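Participant: here is the input, now give the coordinates:
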Amino acid sequence: MNMHERQGREPADQTILPDDIGGELSRITTEVIEVSDAPPIAPPAPLTPDEVRTILMSLLLTMFLAALDQTIVATALPTIGRQFNDVSNLSWVITAYLLASTAVAPVFGTLSDIYGRRVMITVSLALFTVGSILCAAAPNMPVLIVARGLQGLGGGGIMPVVQTVISDVVSPRERGRYQAYFSGVWMAAGLMGPVLGGVFAEHLHWSMIFWINVPLAVGALFLLLPKMGKIPVFHRRRKVDWIGGVLLMASAVVVMLVLTWGGNRYAWLSPAIMAMIGASVALALAFVWHARNAEEPFLPLPLLGGTVVPYAMVAGACALGAITGLTVHLPLYYEVVYHLTASEAGLALIPLAAISTCGAAIAGRTMARAKHYKRVAIAGTSAATVFGIVLTMTTLPLWGLLIVLSLFALGLGTTFPVSVVSLQNSVARPQIGTVTGAMNFFRALMSSFTVAAFSAILLMALGAGISLGEHRGPANAIPIADMITAFRYVFGAAAALLATAALCIIAMEERPLAGPSTPVEMAE
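Facilitator: The predicted model follows:
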């Protein structure tokens, strides 16, 4: 009898394993998965630089469509109202899109983790295209509003799915550079939207702002779908928790209505607003209870915990909220204090939007090279906080204000790639779509909340009789000194948001990023 035979006859419970081997075995996952959920035995063929470039261009075009339709309609609203002889419901043309796109962001993110990116990006673009066609052909205002809601369903799905596809194509270390590209597209769409909408409404026909989406969406699908088959597959088929999804969407819609109507259509303390706040709280609590008790919840609550995800979400939401709130309200400040026209005030917003993209690009390239990638965002948000405080304490000439706002935006922009990549890098591959959808959801809510909060600050400082939605008429009668004083509170609120973002990034765990230490340049 040899030594191996004697060892084989010893009772299993008497065998003592070394501590290091026992520790490794204790960490082996015991999850049992279906055969259909198992990863492929052979790894997928890597994408060539040309294929990555093609996918990137199609995704940029796709995101541009969704971002453009949030702003392109604004300048065409008077023309639409005159044609349909309905001015009272014009705001719903924008509100319907925002409500739908915000509510479905976490839904599409989770569904992309269940059914795959190819299916959900196709569904999103199809809904967006059909909604655009119905908007262009709408015979009256109610049909246009419903069609805008359908278009919003597609637009809200585009954002999280596009960001998830990028996470499947490139490594976390390289991902920050690509997130900077998307920040640039988003800002370009925000600046171009009102201009294009005005040109189409004045020189062509307002329906062109919707017809133009059709060839662009078809072109994006034509570029993207042939390459989607080569993208690595990380989704896992499982049962869809539709009850949780409906509860989450319903609570989001009510919250958005509160933020849209509060202080405008209804007073903040009116019975209607208070009832809606109560309903949103009840729906949110019902969602939390259901998520805790469901076998496979729509949005697993533990996914939102930990040392990375909550801090990254809050930091990104605060930064986006600050820049959105300032973009909406600064034209009023420019017109009253510096006597700019509406078009000049729009041009004065370019530094705030464009320079933030430069900050995102700097952070993205730093992440591809630096081990301690958080430092660029910590420095950026801290500097933005300081410049925000400067705006609250001094009154600057226009050129000085634009310089300080540019520096503020440069620091603010560093938050976006660091927060997105850190968040995606901290979760398992089959959950990236879910956490990305949740991130977009909370960012949209924070942007709406910030716009409402800044409006409330101005109303309290200037008086309830001022109509902030119209920059003409009563706004022109506001004394310059009163407007300067009121905006010091606005700038102070923006600085507080950036200080919160800085604290969150400092507290966020800095996990190593997988991928090459230097970025792989795209093929020329």
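
Participant: where does the prediction get shaky in this structure?
Facilitator: For the chain, the stretches with pLDDT under 70 are 1-48, 74-75, 88, 180, 229-238, 240, 343, 463-477, 514-524.

Participant: so which strand or helix has the spatially most central residue of it?
Facilitator: By CA atoms, centre = their mean, the chain has its centre lying nearest to Asn440, at 3.7 Å. Under the criterion of DSSP states H and E, Asn440 resides in helix 432-462.

Participant: which elements pack onto the helix or strand harbouring Ile323?
Facilitator: Using DSSP H and E, Ile323 sits in helix 309-337. On a contact count with 3 or more CB pairs under 8 Å, 6 or more residues apart in numbering; DSSP states H and E, helix 309-337 meets helix 342-347, helix 350-367, helix 374-393, helix 398-413, helix 415-425, helix 432-462, helix 480-507. All C-beta spots, glycine's among them, are computed from the backbone N, C-alpha and C.

Participant: check those for me and report the most buried one.
Facilitator: By mean neighbour count, with neighbours taken as mean count of other CB atoms under 10 Å, helix 415-425 ranks first of the helices and strands packed on helix 309-337 at a mean of 28.

Participant: if we look at that one, which residues are touching it?
Facilitator: Residues from elsewhere that reach helix 415-425 (CB atoms under 8 Å, 6 or more residues apart in numbering): 163, 167, 172, 175-177, 179-180, 183, 308-309, 312-313, 315-316, 318-320, 360, 363-364, 367, 373-374, 376-377, 380-381, 432, 435-436, 439, 501, 505, 508, 510-511, 513-514.

Participant: and for stretch 306-314?
Facilitator: With CB under 8 Å, 6+ apart as the criterion, stretch 306-314 contacts 303-304, 418-420, 422-423, 425-427, 435, 438-439, 442-443, 500-501, 504-505, 507-509, 511.

Participant: mind listing what's buried along it?
Facilitator: 308-314 (16 or more other CB atoms under 10 Å).

Participant: from those, which is closest to Thr394?
Facilitator: Nearest to Thr394 among the buried residues of stretch 306-314 is Val314, at 28.9 Å by CB to CB.

Participant: and His380, what is it in contact with?
Facilitator: One thing to correct before we go on: residue 380 is Gly, not His. Gly380 neighbours (CB under 8 Å, 6+ apart): 359, 363, 410-415.

Participant: the closest residue in space to Ala486 that isn't next to it in sequence and Asn425: what is the separation?
Facilitator: Nearest non-adjacent residue to Ala486, counting by CB to CB, 6 or more residues apart in numbering: Ala461, 3.5 Å away. Ala461 sits 42 Å away from Asn425, going by CB to CB, to the nearest Å.

Participant: tell me the one of the contacts of Gly380 nearest Phe298?
Facilitator: Closest approach between the contacts of Gly380 and Phe298, by CB to CB: Thr415, at 27.6 Å.

Participant: next, find the distance separating the closest one from Gly176.
Facilitator: 11 Å.

Participant: identify the contacts common to the two.
Facilitator: By the contact definition CB under 8 Å, 6+ apart, Thr415 and Gly176 are jointly contacted by Ala363.

Participant: so who does the residue lying closest to Leu391 once chain neighbours are set aside touch?
Facilitator: Setting aside the residues directly before and after it, Leu391 is nearest to Phe491 in space (CB to CB, 6+ apart), at 3.9 Å. By CB under 8 Å, 6+ apart, the contact set of Phe491 is 388, 391-392.

Participant: the same query, at a cut-off of 10 Å, please.
Facilitator: Residues in contact with Phe491 (CB atoms under 10 Å, 6 or more residues apart in numbering) are 322, 326, 333, 387-393, 404-405, 408.

Participant: and for Leu61?
Facilitator: Contacts of Leu61 (CB under 10 Å, 6+ apart): 185, 216-217, 219-221, 223-224.
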